[in-house]
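J.: sharing a model that was predicted from the sequence below.
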Amino acid sequence: MKFSEFADILSSQGLLPADRPISGVSSDSRTVEAGDLFFALAGVKADGASFAQEAARRGAAAIIARPGALSSDPGVPVIETDDPRRALALCAARVFPRQPETMVAVTGTSGKTSVASFTRQIWDHAGLPAASIGTTGVVAPGRDEYGELTTPDPIALHRLLDELAGAGVTHASMEASSHGLDQRRLDGVRLAAGGFTNLGRDHMDYHPTIEEYHRAKMRLFDALLPKGAPAVIFADDPWSEPTEKAAKAAGLDVRTVGRKGGFLTLKRVEHERHRQRAEVDVDGVIYEVDLPLAGDFQVANALVAAGLAISTGTAAETAFAALETLKGASGRLELVGTAGNGAQVYVDYAHKPDGLENVLQSVRPFTTGRVIVVFGCGGDRDTGKRPIMGEIAARLADVAIVTDDNPRSEDPAMIRAAVMEAASGAREIGDRREAIRAAVAMLEEGDTLIVAGKGHETGQEIAGRKHHFSDHEEVRTALAERAG
Ligand SMILES: CC(=O)N[C@H]1[C@@H](OP(=O)(O)OP(=O)(O)OC[C@H]2O[C@@H](n3ccc(=O)[nH]c3=O)[C@H](O)[C@@H]2O)O[C@H](CO)[C@@H](O)[C@@H]1O[C@H](C)C(=O)N[C@@H](C)C(=O)N[C@H](CCC(=O)O)C(=O)O
C-alpha cells in the first residue's frame, strides 16, 4: 500500500483539502498572499518555521515544513517534507511552467559569468533567441537587467524562465553557484547540459571544507542533469578529475575540453595582450580561433562555452566563428582607460584568491613597467581568504594597495588589517575612491593597473547600507583629473 492511495481515498471523499485552489508559492511570510503555499525554510539568519503563524494569518492555504519544525498549530494544513527548499523549487516550476527549450548551466569558482555570456553570444551568432542569467543579471533580446544573486531564488528564477519562454527565448545559459545548488534554487529547471570551469578556495564561511564545496557544485551533475546529458568539463584544472568522476557516476556523457580535453582539444595557444590565438582539434578537424579578449584564462571559458553550445546542437564551425566576435562580460579584465603615457587601467571582478592570481599573472607578460593592484576583501564572507589574497597581491604585483571592498556589517579597518597581515610592503588606503586616485596618479609608462574586486557592480555596502560606487566611473574620473 502507498500513501498516495490513501490520499486519493480521502480527497475523493472531501476529507483532504486536495481541491483547494492554490494561487502561488512563497517562502517569505511578509509577502504571502491569500491562497499561497508557504514554504518554511531553515535559513542562515532565521527559520521560516517561526513565521508559519504569520503566513497563515495572511491567508496561506497550507504550510510546507520539515518534520516537527512547527512549534504550534498554524490552523491550516501542514505538509511535512525533509527538503522544503527542493519542494519550493519544484512547485515554483509548476506555478511558472514555461521554460526555454534548451537550457545549460555552468558551475565552478571562476569563469561562470563569462561562460554563461559566451554561450549566449554563440547562440546569438547562430541566430537563436537566447538569454543568459547570472552575476551580471539577465541578458536577452530586448532585455538587460541587473540581478542581486548569481543564481536567483527559485521563485524569481522560474518566473523569469516562464517570461523568457513566453517572449520567444528558446535558449538560455545560466550560472549555478554553490549556494544556489546547495539551496536547490535550480531544482525543476529542465537542463540539457552542464559545464564545469575550475575550483578554488571560496565561500569557506558557508561550506565547511573544500570537498564539501566541490560536492555542492556536483549537485549540478548528479541531481539536476538527466542521465546521458553532456557534462562539459575543463580538463586542465586540478579538480577536473574528481569532477569527471562525479559526472561519470551520475551517468552523464563526459566531454572534456582543454589541453587534456578529448572533446575540444587545445593544440596550441598564443597569448597576446588583448587577444588569444588558439588551435582547437574537434574530431581531427583543426579550428583556428582568434579570441578578441584580454586574459589567458578566457581560453578555458571560451572552450567550455563552445563545448556547451556544440553539445546542444550548434555546429562547431558556427561556435568557433562566434568566438571571434565575443564581447567580454562587464568588469572581467575590462580595459577602462589609458593614461597619457600609455599605462593601461583594467577593472576586474576578481574577489577571491584564484581570481586575483589569474588576473595578475595574465597581465604580467604584457607589462613592461609595474603591475599595480588595488583590491580589498568583502565583509560577512569567508574570512580565511583575506591573508591569502594579501599574500598573492604582495607576491604578484609590484605595488599593492589594500582598500575596502564591500565591508557590509564588519569594521572595514579589521578586514584591511587581516589582508595587510600577509601583504608585506603593501600600502593601505581605506577609502576606495582615494585608493583608485592614488594608483592612477602613480602610473608610469608601461605600467598596468588592475582595480580588482567589484567588476560590474555599481554599489558599495558599508555598515549595512549600499552607496552608489562604480570602479569604472572612479577610474575614468581619476584619469580625467590626471590628464587635466
Ligand atoms: C547566505 C545565503 O545564501 N542566504 C540565502 C538564503 O537565505 P536564508 O534562507 O538563509 O534567509 P534567512 O534570512 O535566514 O530566512 C530564512 C527564511 O525565513 C523567511 N522569513 C524571514 C523573515 C520573516 O519575517 N519572514 C520569513 O518568512 C525568509 O524568507 C527565508 O525563507 O536563501 C535565500 C533564498 O534562496 C537567499 O535569497 C539568501 O541569499 C542571500 C540574499 C545572499 O546574499 N546570498 C549570497 C551569499 C549568495 O547566495 N551568493 C551566491 C554566490 C555568489 C558567488 O559565487 O560569489 C549567489 O548565487 O548569488
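T.: Noted; the coordinates are in hand.

J.: pretty sure Lys385 sits against Phe375.
T.: No. In this structure, Lys385 is not within contact of Phe375 by C-beta atoms under 8 Å, at 11.5 Å. C-betas here are computed from N, CA, C, even on glycine.

J.: more neighbours, the two?
T.: Taking neighbours as other C-beta atoms under 10 Å, Lys385 and Phe375 compare with Phe375 leading, 29 against 25.

J.: so what's that one closest to, chain neighbours aside?
T.: Ala452 (4.1 Å; C-beta to C-beta, 6 or more residues apart in numbering).

J.: tell me where the stretch 101-250 of the chain has helices.
T.: For the stretch 101-250 of the chain, applying DSSP state H, counting those that start in this stretch gives helices covering 112-125, 154-166, 178-182, 210-219, 240-249.

J.: dump those helices into TSV; add distance to the ligand as well.
T.: Output for those, formatted as TSV (distance: least, C-beta to the nearest ligand atom, whole Å):
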stretch	distance to the ligand
helix 112-125	7
helix 154-166	7
helix 178-182	3
helix 210-219	11
helix 240-249	17
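
J.: so which of the ones you listed is the most packed in?
T.: Neighbour counts (mean count of other C-beta atoms under 10 Å) averaged over each of the helices of the stretch 101-250 of the chain peak at helix 112-125, with a mean of 27.

J.: which other helices and strands contact that one?
T.: Helices and strands touching helix 112-125, by 3 or more C-beta pairs under 8 Å, 6 or more residues apart in numbering; DSSP states H and E, are strand 102-107, strand 130-134, strand 171-175, helix 298-311, helix 316-323.

J.: now do the longest one, average pLDDT.
T.: Within the predicted structure, the mean pLDDT of helix 298-311 is 98.

J.: and Ser71, what is it in contact with?
T.: 49-50 (C-beta atoms under 8 Å, 6 or more residues apart in numbering).

J.: pLDDT at the closest residue to the ligand within the chain, what is it?
T.: Per C-beta to the nearest ligand atom, Gly43 is where the chain lies closest to the ligand, at 2.2 Å. On pLDDT, Gly43 comes in at 93.

J.: could you do the one 5 residues further on as well?
T.: pLDDT, the model's per-residue confidence, is 97 for Gly48.

J.: for it, give me phi and psi.
T.: When read as degrees, to the nearest 10, the backbone of Gly48 gives phi -50, psi -20.

J.: now it: how far from Ala223?
T.: 22 Å (C-beta to C-beta, to the nearest Å).

J.: give me the most central residue, this structure.
T.: In the chain, the C-alpha nearest the mean C-alpha coordinate belongs to Thr150, at 4.2 Å (C-alpha atoms, centre = their mean).

J.: wait, isn't it in contact with Lys112?
T.: Yes. Counting by C-beta under 8 Å, Thr150 does reach Lys112; the two are 7.0 Å apart.

J.: so what sits against both of the two?
T.: 134-135, 175, 177.

J.: which of these scores worst on pLDDT?
T.: By pLDDT, Thr135 ranks lowest within the shared contacts of Thr150 and Lys112, coming in at 94.

J.: follow-up on the earlier one: export the helices and strands packed on helix 112-125 to a markdown table and append columns for mean neighbour count and distance to the ligand.
T.: Formatted as a markdown table, the helices and strands packed on helix 112-125 follow (neighbours: other C-beta atoms under 10 Å; distance: least, C-beta to the nearest ligand atom, whole Å):
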| stretch | mean neighbour count | distance to the ligand |
| --- | --- | --- |
| strand 102-107 | 27 | 10 |
| strand 130-134 | 26 | 9 |
| strand 171-175 | 29 | 7 |
| helix 298-311 | 29 | 15 |
| helix 316-323 | 20 | 25 |
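
J.: just put these in TSV and tack on distance to Glu334.
T.: Output for those, formatted as TSV (distance: least, C-beta to C-beta, whole Å):
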stretch	distance to Glu334
strand 102-107	20
strand 130-134	16
strand 171-175	18
helix 298-311	12
helix 316-323	18
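
J.: how about the residues of this protein by the ligand?
T.: Residues of the chain lying close to the ligand (C-beta under 6 Å from any ligand atom) are 27-30, 41, 43-46, 48, 51, 149-151, 153, 177, 179-180, 183, 185.

J.: hmm, which of the residues you listed are the buried ones?
T.: Of the members of these, the ones counted as buried by neighbours, 16 or more other C-beta atoms under 10 Å, are 27, 29, 41, 48, 51, 149-151, 153, 177, 179-180, 183, 185.

J.: gap between the residue of the chain closest to the ligand and Trp123?
T.: Distance of Gly43 to Trp123, given as C-beta to C-beta: 35 Å.

J.: again with Ser26
T.: Ser26 sits at a distance of 33 Å from Trp123 (criterion: C-beta to C-beta).

J.: the helices of the stretch 101-250 of the chain into JSON lines, with extra columns for mean pLDDT?
T.: Formatted as JSON lines, the helices of the stretch 101-250 of the chain follow (pLDDT from 0 to 100):
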{"stretch": "helix 112-125", "mean pLDDT": "98"}
{"stretch": "helix 154-166", "mean pLDDT": "98"}
{"stretch": "helix 178-182", "mean pLDDT": "97"}
{"stretch": "helix 210-219", "mean pLDDT": "97"}
{"stretch": "helix 240-249", "mean pLDDT": "98"}
